[in-house]
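In: How does the following fold in three dimensions:
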Amino acid sequence: MLPLIVFAVGIAVYNYKQDRSDATRRVLENVRSMRLVLDSEVQRMTGGLQVLALTNSLRNDDFPNFRRIALGFLEQYGKGGLVLISDRKGRLLFSSATEDTASLPPRGNLEIVEKVFATRTPQYSDLFTGPLNGRQVLTVEVPVLRNGEVIYDLCFSPPVSIFQDLVEKQRPDRQWTVSLLDAKGIVFARAPNPSETFGKRASPSLYTEMFRSNEAALPTVSLDGVALAAAYTRSGLTGWTVAAGVAESSLIAPLWRNIAITSLIGGILLLTGLTFAVRMATTIARGEMLHDLLIEELNHRVKNTLALMQAIAVQTFRSASREERAKFEGRLGALAEAHNLLSQEKWAGSELKDVIARAVQPFLPNAPERIRMNGPAVPLSPRLAVVLSMIVHEIATNAAKYGALANETGRVTLEWEVIADTPKPWLRLIWTEIGGPPVTEPVRRGFGSRLIERSARDQLGGEATVDFLPRGVVCTVTCTLDEAR
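Out: Here you go, the predicted model:
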């Protein structure tokens, strides 16, 4: 009986190790997803600034008129945002906070100003103390060009609450710790305890590891002293790091629960078996041979019963764990931009071109011309907008990994048409790749391919086909159109 109980405990420990390994993998996948959301938000800020940098009022030094445009830009980010303009020497020429430019102090963080003028590309700062408000801030900065020369540094300091809101939304549950850190390992958004940890350096165990590689999974201890199964990944766009971890206590709890149940069931069955053995042996009393035979038979039955009960307990908890994982993994998706667009339109629907542009924009931060879009205006209902955004995101992800967006020369043509000669109009969307790496049909379909096909079939009532042609991949999606409401 005791060896069987030990064996059952061994099974529980083995299952715990497997579940912990799966949890570590899920944490890494989660931080990658958070990094994509963070990069998408920063790219949206950068794109808005680059549009501001092209305005005639700014390029013609018409700062009073530019103030009106800048304040309109700031409205979408709420209170606390700030737009600044400085020259190469760091002298502030414009501030959205005041019209009194004569009293403006010198620009802070001159190193990033020099980088903007030297590289002529957008730059992203670490936390530093802003000279105007004395608070620690992050900045997104882009060059302002005139006749091919950089004349100004256009700086945007977003409200730090934007990043804190992002962390709160992306945090799976209260067992998780999620942090955003700048390139120097300083926390600028975190859950839990954001106010106590803002501006602090990452915990020693994480800080030591995060500069050895751009991405890793590791056990660590949080700034709150909580042991975590953690992972981090660094953004190639900003140099900032997303770190997250789930409490070790939440992972080990099922192990102790399984062991406790196994021990309880084993103890009850052992006590029951011994009680029956003694009573039967005392009652029968037919000699030593018969006594031994009955004891062996009883022990055999008790062992079988214990093994059966252990198998039921282990399988029950394994099923519960898989269901929890399925619910947890079901929260991931690339829908942030579609939801942002629908929220801007107050969920009244949106244009197909806008939905597609939002979905592919993270993949082409510096070369939007690599995807050419052509098609009529097509209003979409919120349901269609969300599903098509998810499908286009998955297609673009595959192209960025293996197709035309995986090198410097590839191009994509995205065309669509509305087929109106049916009782209900249909939309046909064709994604065509050229100039990418050599095309080979994959041996097996990944999750993304299945997601595209099932979403088109089950949610849109249409179909998605992928043709692996020598010149490049062609993906065709067809679906019926709802009325955009």
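
In: wait, isn't Lys115 in contact with Pro122?
Out: No - counting by Cβ atoms under 8 Å, Lys115 sits too far from Pro122 to count as a contact (9.8 Å). Bear in mind the C-beta positions are built from the backbone N, C-alpha and C, glycine included.

In: Which of the two has more residues huddled nearby?
Out: Pro122 (24 against 19; other Cβ atoms under 10 Å).

In: What distance do you get for the more buried one to Pro159?
Out: 19 Å (Cβ to Cβ, to the nearest Å).

In: Repeat that for Val167.
Out: In terms of Cβ to Cβ, Val167 sits 14 Å off from Pro159.

In: and what of Trp416?
Out: From Trp416 to Pro159 the distance is 37 Å (Cβ to Cβ).

In: Equivalent analysis for Gly108, please.
Out: 17 Å.

In: Settle it for me: which of Val167 and Pro159 has more neighbours?
Out: Val167 (22 against 17).

In: Am I right that that one falls within a helix?
Out: Yes - when DSSP: H, G, I helix; E, B strand; the rest coil is applied, Val167 is found to be in a helix.

In: Please tell me the pLDDT value assigned to it.
Out: Listed pLDDT for Val167 reads 95.

In: Just confirm it contacts Thr177, I think it does.
Out: No - counting by Cβ under 8 Å, Val167 sits too far from Thr177 to count as a contact (10.0 Å).

In: what's around Leu180, how many residues?
Out: There are 27 residues near Leu180, going by other Cβ under 10 Å.

In: pretty sure it belongs to a strand, no?
Out: Yes - with three-state DSSP as the criterion, Leu180 is part of a strand.

In: any idea where the strands of the stretch 1-150 of the chain begin and end?
Out: With DSSP state E, counting those that start in this stretch, the ranges of strands along the stretch 1-150 of the chain come out as 82-86, 92-95, 123-124, 128-129, 136-137, 140-146, 149-157.

In: can you redo the ones you listed as JSON lines with distance to Arg279?
Out: Shown next, in JSON lines, are the strands of the stretch 1-150 of the chain (distance: least, Cβ to Cβ, whole Å):
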{"stretch": "strand 82-86", "distance to Arg279": "84"}
{"stretch": "strand 92-95", "distance to Arg279": "91"}
{"stretch": "strand 123-124", "distance to Arg279": "78"}
{"stretch": "strand 128-129", "distance to Arg279": "80"}
{"stretch": "strand 136-137", "distance to Arg279": "76"}
{"stretch": "strand 140-146", "distance to Arg279": "80"}
{"stretch": "strand 149-157", "distance to Arg279": "82"}
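
In: Can you check which of those gets nearest to Asp173?
Out: Ranking the strands of the stretch 1-150 of the chain by proximity to Asp173 (Cβ to Cβ) places strand 136-137 first, at 28.8 Å.

In: what's the closest one packed up against?
Out: Identification of packing neighbours for strand 136-137 by 3 or more Cβ pairs under 8 Å, 6 or more residues apart in numbering; DSSP states H and E yields strand 128-129.

In: Provide the contact partners of the strand it packs on at residue level.
Out: Gly108, Asn109, Arg135, Gln136, Val137 (Cβ atoms under 8 Å, 6 or more residues apart in numbering).

In: OK, contacts around the third one?
Out: Looking back up the chat, that one is Arg135. Residues touching Arg135, when contacts are defined by Cβ under 8 Å, 6+ apart, comprise Thr129.

In: what does the second one give?
Out: Remark: with contacts taken as Cβ under 8 Å, 6+ apart, Asn109 is in contact with Ser125, Phe128, Thr139.

In: Ignoring the adjacent residues along the chain, who's closest to the last one?
Out: For Thr139, the nearest residue in space outside its immediate sequence neighbours is Ser125; the separation is 4.4 Å by Cβ to Cβ, 6 or more residues apart in numbering.

In: Please report how far that neighbour lies from Phe188.
Out: Taking Cβ to Cβ, one finds Ser125 at 11 Å from Phe188.

In: shared neighbours, the two?
Out: Common contact partners of Ser125 and Phe188 (Cβ under 8 Å, 6+ apart): Leu138, Asp182.

In: where in the stretch 151-300 of the chain is pLDDT low?
Out: Along the stretch 151-300 of the chain, segments meeting pLDDT under 70 span 251-278, 280-300.

In: and Val387, what helix or strand is that in?
Out: helix 382-402 (DSSP states H and E).

In: and the next element down the chain from that helix?
Out: strand 411-419.

In: Can you list the strands that that next one pairs with?
Out: strand 371-374 (parallel), strand 426-434 (antiparallel) (DSSP bridges).

In: follow-up on the earlier one: tell me which residues of the helix holding Val387 come out buried.
Out: For helix 382-402, the neighbour count (16 or more other Cβ atoms under 10 Å) marks 382, 384-400, 402 as buried.

In: can you check stretch 354-367 too?
Out: So, applying 16+ other Cβ under 10 Å, buried residues of stretch 354-367: Asp354, Val355, Ile356, Ala357, Arg358, Ala359, Val360, Gln361, Pro362, Phe363, Leu364.

In: Next, format these as a markdown table and append secondary structure and distance to Gly47.
Out: What follows is the buried residues of stretch 354-367, written out as a markdown table (DSSP: H, G, I helix; E, B strand; the rest coil; distance: Cβ to Cβ, whole Å):
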| residue | secondary structure | distance to Gly47 |
| --- | --- | --- |
| Asp354 | helix | 14 |
| Val355 | helix | 16 |
| Ile356 | helix | 16 |
| Ala357 | helix | 11 |
| Arg358 | helix | 11 |
| Ala359 | helix | 14 |
| Val360 | helix | 13 |
| Gln361 | helix | 7 |
| Pro362 | helix | 11 |
| Phe363 | helix | 13 |
| Leu364 | coil | 11 |
